[in-house]
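# give the three-dimensional model of this entry:
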Amino acid sequence: MENLILLADAYKYSHHKLYVPGTSRIYSYLESRGGMFSETVFYGLQYFLKAYLEGPVITAEKIREASEMLPEVFGRTDVFDPSRFLHILQKHDGHLPVQIRAVPEGTVVPVKNVLMTIENTDPACYWLPNFLETLLMQVWYPNTVATLSREIKKVVRKYFEATASGASLAGIDFVLNDFGFRGATSVEAAGLGGSAHLVNFSGSDTLVASTFAKRYYHAATAPGLSIPATEHSIVTLLGEEGEAKIFKHVLDTFPEGTIACVSDSYNIFRACEEYWGTLLKDQILARKGTLVIRPDSGDPVKTLLKVFGILMDKFGFTLNEKGYKVLPPQVRVIQGDGINFQSIGEIYAALQQAGISAENLVLGMGGALLQKVNRDTQEFAFKCSYAEINGEGVDVWKSPVELDAAGELRTSFKKSKAGRMKLVREAGGYKTVGLYDFPGLPDVLETVFEDGKVLRDQGFEEVRKNAAI
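Numbers count the residues shown, from 1 in each chain. From the prediction side, this is the model:
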């Protein structure tokens, strides 16, 4: 992997000199301060621990590489001090002398609570906890994707419970499918973000997500499942006149099981009415499996309402026990264009209003799932809250002011926590308190990493169970 010594913001290489003399311990914490959702799914730290921090990660070769590059970065030789890392190599055999505590992965914690803490275990390495902030802060990404995915699952469940048959509830795990691999910024992002989605759902075309879940979380089998499906390069090979022939070829190739076919290459409504609903209707209804028809353009709500109108006219429908229309089991629809948190609710609400059960539709989500998030989506922050200076403990915090709409001073939401802390669970939920407060309540935070060793190694099924709605 990358040289850990070079995985920090450049300015941090000066901090060993800038902490006041006598500093021997820095204790920092991670929290979601607020944001789009009121609670956060904690996921992804174990990947960073195993991929970047575990074992002898400081070597002579890495120190040499950093010693060559960092003077080039700063244009001076008095910033980077290789002896700091040489100390870790010689005294700790290259293992990082820090302790990290965190909530079990998959835990759903209300915002404004501690999720993780880090402190040095060697007084000479007081500078190390916040040096690691740059890397560890990137846990915001899988946290946020897992949170977004889970919040969408809440929306899906709401409409399934309102409109779908009881038997269909078991299929909720396959409603939201990850189409985001090609839109991710890197393979690592696709694996990390894609596996975060798999904490909540089982449908995914992001294959590397299952690789990550198996490699870093001991998933026994691939947790992301998929089906055969076409793309436009297949459906358009014979031109507009040959589209129906391609559709039949698709059905002939997979006479059983679930198969998806993109159908908007020329005219989605003609495809549903004349091809799927007339020419190929009998073959579809005779299949032992489901054809999933995919619109892929236009306004999702308007397009889906018309598509369902055509399909129900051609294939018929039944009314489930809640009084909503359901297509025959051989026909379903997947919407993979224009899907985001807001549009999902709008789509299912429109279907409900039209008397159409949510069980007729599944979803594909790409960039909006893996890319249209950032650190401020859930307002993640990593801050120092305690230090030891000349042998004395000091609570540390910041409390900036800002101007409100009237121009008056008020305390910013960026005010940080102070002191060493723990997360406890009471009848009313999770609560961040001082480390020695509420001695009768155990700390939810567990030691997951210490002195180069991963001490808590979770399985993917445990993570899923923790996050279950």
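
# which stretches of the stretch 51-200 of the chain have low pLDDT?
Applying pLDDT under 70 to the stretch 51-200 of the chain flags no residue at all.

# residue boundaries of the strands in it?
98-102, 108-110, 114-120, 176-178 (DSSP state E, counting those that start in this stretch).

# distance from the chain centre to the first one, please.
To tie it back to what came earlier, the one meant is strand 98-102. Computed by Cα atoms, centre = their mean, to the nearest Å, the chain-centroid distance of strand 98-102 equals 22 Å.

# so L96 sits against Y52, correct?
No: counting by Cβ atoms under 8 Å, L96 does not reach Y52; the two are 9.8 Å apart. For glycine as for every other residue, the C-beta is placed from the backbone atoms N, C-alpha and C.

# so for the two, which sits in the more crowded spot?
L96 (29 against 18; other Cβ atoms under 10 Å).

# what sits against that one?
Going by Cβ atoms under 8 Å, 6 or more residues apart in numbering, L96 touches L53, V57, I58, I88, L128, L132, D451, G452.

# that older thread, ok, which of the strands of the stretch 51-200 of the chain comes nearest S24?
strand 114-120 (8.3 Å; Cβ to Cβ).

# how is this structure divided into domains?
4-139+376-459, 144-370 (automatic domain parsing).

# switch those over to TSV; also include distance to A467.
Shown next, in TSV, are the domains of the chain (distance: least, Cβ to Cβ, whole Å):
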stretch	distance to A467
domain 4-139+376-459	4
domain 144-370	5
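
# please work out which of those is packed deepest.
domain 144-370 (a mean of 19; mean count of other Cβ atoms under 10 Å).

# and that domain, how far out from the chain middle?
20 Å.

# check contacts around the most centrally placed residue in the chain.
Centroid-nearest residue in the chain: V145, 2.4 Å away (criterion: Cα atoms, centre = their mean). V145 makes contact with L192, G193, A196, H197, L369, L370, V373 under the criterion Cβ under 8 Å, 6+ apart.

# now do the same contact list for the nearest residue to the first one once chain neighbours are set aside.
Distances taken as Cβ to Cβ, 6 or more residues apart in numbering place P142 nearest to L192, at 5.0 Å, with adjacent residues excluded. For P142, the set of contacting residues under the criterion of Cβ under 8 Å, 6+ apart consists of Y43, G44, Y47, L192, G193, S195, A196.

# re earlier: nearest to D313 among the contacts of L96?
When the contacts of L96 are compared against D313 (criterion: Cβ to Cβ), the nearest one is L53, at 59.2 Å.

# which residue comes closest to the closest one once chain neighbours are left out?
L96 (5.8 Å).

# low pLDDT regions in the stretch 251-400 of the chain?
For the stretch 251-400 of the chain, no range has pLDDT under 70.

# give me the mean pLDDT for stretch 452-467.
The average pLDDT within stretch 452-467 is 98.

# ok, and what's touching it?
41, 43, 46, 49-50, 53-57, 92, 94-97, 104-108, 146, 150, 195, 198-200, 213-214, 217-220, 223, 446-449.

# how far does that stretch sit from the chain's center?
15 Å.

# end to end, how far does it reach?
In stretch 452-467, first residue to last residue: 28 Å (Cα to Cα, to the nearest Å).

# go on, stretch 50-70?
26 Å.

# list the contacts of that stretch.
Contacts for stretch 50-70 (Cβ under 8 Å, 6+ apart): 1-7, 10, 13, 79-80, 82, 85-86, 88-89, 92-96, 132, 135, 216, 449, 452-454.

# can you flag which of those belong to helices?
P82, F85, L86, I88, L89, H92, L135, Y216 (DSSP state H).

# just checking, G289 touches A260?
No: counting by Cβ under 8 Å, G289 sits too far from A260 to count as a contact (11.2 Å).

# how about the secondary structure of the closest residue to R25 other than its chain neighbours?
Excluding its sequence neighbours, the residue lying closest to R25 (Cβ to Cβ, 6+ apart) is E388, at 3.8 Å. Three-state assignment for E388 (DSSP: H, G, I helix; E, B strand; the rest coil): strand.

# so E388 sits against S24, correct?
Yes: using Cβ under 8 Å, E388 is in contact with S24, at 5.0 Å.

# so which strand or helix has I347?
helix 341-353 (DSSP states H and E).

# quick one on the thing from earlier: give the contact list for the residue nearest to R25.
T23, S24, R25, V394.

# ok, S416 - contacts?
By Cβ under 8 Å, 6+ apart, the neighbours of S416 are A381, K383, S385, W397, K398, S399.

# now with 6 Å, please.
By Cβ atoms under 6 Å, 6 or more residues apart in numbering, the contact list for S416 reads K383, W397, K398.

# now V401: how far from D376?
As judged by Cβ to Cβ, to the nearest Å, V401 and D376 stand 20 Å apart.

# now R157: closest residue in space that isn't a chain neighbour?
Nearest to R157 is I172, by Cβ to Cβ, 6+ apart, at 6.0 Å.

# the helix or strand harbouring A368 - contacts with which helices or strands?
When elements are assigned from DSSP H and E, A368 belongs to helix 367-370. Judged by 3 or more Cβ pairs under 6 Å, 6 or more residues apart in numbering; DSSP states H and E, helix 367-370 has no packing partners among the helices and strands.

# now do it: everything it contacts.
G180, G183, A184, G193, N340.

# which residue is the nearest non-sequential neighbour of the last one?
Once its chain neighbours are removed from consideration, N340 has its nearest residue in A368; the separation is 3.9 Å (Cβ to Cβ, 6+ apart).

# and the one you found, how far from E274?
32 Å.

# what does I246 give?
I246 is 14 Å from E274, by Cβ to Cβ.
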